[in-house]
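Got a predicted structure plus its sequence, pasted below:
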Amino acid sequence: DVKVTQSSRYLVKRTGEKVFLECVQDMDHENMFWYRQDPGLGLRLIYFSYDVKMKEKGDIPEGYSVSREKKERFSLILESASTNQTSMYLCASSPPGVTKNIQYFGAGTRLSVL
Amino acid sequence: GQQLNQSPQSMFIQEGEDVSMNCTSSSIFNTWLWYKQDPGEGPVLLIALYKAGELTSNGRLTAQFGITRKDSFLNISASIPSDVGIYFCAGQRTDSWGKLQFGAGTQVVVTP
């Protein structure tokens, strides 16, 4: 079974803090994704990566950055956390190729910024 | 990115009833996926569809890839309490490498 592990289920941070959200997958997937999920808005793509050290902006990259130093790990960074970044963050991975591109999700990190 | 139009937004049903939900888009898709998310968890894949007109079942769940390639449907038959959760559709456009668009979700509540 594909396993996508997010390091924290719950995080509470203060405004202005630098926040790291970590995600690890064990299926040797090339593609990894970070989403945020807010009620009524569904999942919105923040960043994605299709290879080590490669990254592409998604639909809402402002206020975020990412790092992919190893194939299995994709980190989301909030450089200076703000209250409007309080949300559920979901990491996903998928195998290579442009077809049959199923994404497998982690359990999510619920971040509260006070 | 443009979200898919998923309806209904929520459903309150009695145990044993059937459930239907759908997603539509103005774009053509080459893949439709249906996920379920339990409270406090990440989405889990239920059904994947790859061809227009395809009808696929997974237990009491049945999903169809619309013939126009712009829509998809999910049916749950004889609902049970553990069907509670949020159901998301997701689609991959033909011109969009690897990225999925998601519907806003359908919240299903099952009462005994």
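Good, I have the coordinates.

Mind listing what's buried along the one helix or strand residue A:23 maps to?
According to DSSP states H and E, residue A:23 maps onto strand A:19-25. In terms of neighbour count (16 or more other Cβ atoms under 10 Å in any protein chain shown), strand A:19-25 has its buried residues at A:19, A:21, A:22, A:23, A:24, A:25. C-beta coordinates here come from the backbone N, C-alpha and C atoms, glycine included.

The first one - nearest residue in space that isn't next to it in sequence?
The reference is to residue A:19. residue A:78 (4.0 Å; Cβ to Cβ, 6 or more residues apart in numbering or on different chains).

Ok, the fourth one next?
If the residues on either side of it in the chain are set aside, residue A:23 comes closest to residue A:91, at 3.4 Å by Cβ to Cβ, 6+ apart.

average pLDDT for the one helix or strand that neighbour maps to?
Here residue A:91 is covered by strand A:87-94, with elements defined by DSSP H and E. Averaging pLDDT along strand A:87-94 yields 95.

what lines up beside it in the sheet?
strand A:31-38 (antiparallel), strand A:104-105 (antiparallel), strand A:109-113 (antiparallel) (DSSP bridges).

Same list, those strands, but as a markdown table with distance to residue B:18 and mean neighbour count please.
As requested, the strands paired with strand A:87-94 are exported to a markdown table (distance: least, Cβ to Cβ, whole Å; neighbours: other Cβ atoms under 10 Å in any protein chain shown):
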| stretch | distance to residue B:18 | mean neighbour count |
| --- | --- | --- |
| strand A:31-38 | 27 | 23 |
| strand A:104-105 | 27 | 22 |
| strand A:109-113 | 33 | 19 |
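
Ok, which of those strands comes nearest residue B:11?
Residue B:11 sits nearest to strand A:31-38 of all the strands paired with strand A:87-94, at 19.6 Å, using Cβ to Cβ.

And that closest one, how far out from the chain middle?
Remark: strand A:31-38 is offset 5 Å from the chain centroid, using Cα atoms, centre = their mean, to the nearest Å.

contacting residues around the helix or strand that it is followed by?
The helix or strand immediately downstream of strand A:31-38 is strand A:42-49, counting by DSSP H and E. Strand A:42-49 is contacted by residues A:31-38, A:55-61, A:64-66, A:68, A:74, A:76, A:90, B:1, B:3, B:6, B:43, B:88, B:98-99, B:102-105 when judged by Cβ atoms under 8 Å, 6 or more residues apart in numbering or on different chains.

Parallel or antiparallel, which strands does the helix or strand following strand A:42-49 pair with?
Remark: after strand A:42-49, the chain's next helix or strand is strand A:56-57, criterion DSSP H and E. Applying DSSP bridges, strand A:56-57 is found paired with strand A:42-49 (antiparallel).

Report the angle between the strand holding residue A:91 and strand A:19-25.
If you take axes from the mean of the first three to the mean of the last three Cα atoms, to 10 degrees, strand A:87-94 sits at 30 degrees to strand A:19-25.

Now strand A:87-94: buried residues?
Applying 16+ other Cβ under 10 Å to strand A:87-94 flags A:87, A:88, A:89, A:90, A:91, A:92, A:93, A:94 as buried.

returning to what we had before: export the strands paired with strand A:87-94 to JSON lines and tack on mean pLDDT and distance to residue A:8?
Putting these into JSON lines (pLDDT from 0 to 100; distance: least, Cβ to Cβ, whole Å) gives the following:
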{"stretch": "strand A:31-38", "mean pLDDT": "95", "distance to residue A:8": "14"}
{"stretch": "strand A:104-105", "mean pLDDT": "94", "distance to residue A:8": "15"}
{"stretch": "strand A:109-113", "mean pLDDT": "96", "distance to residue A:8": "5"}
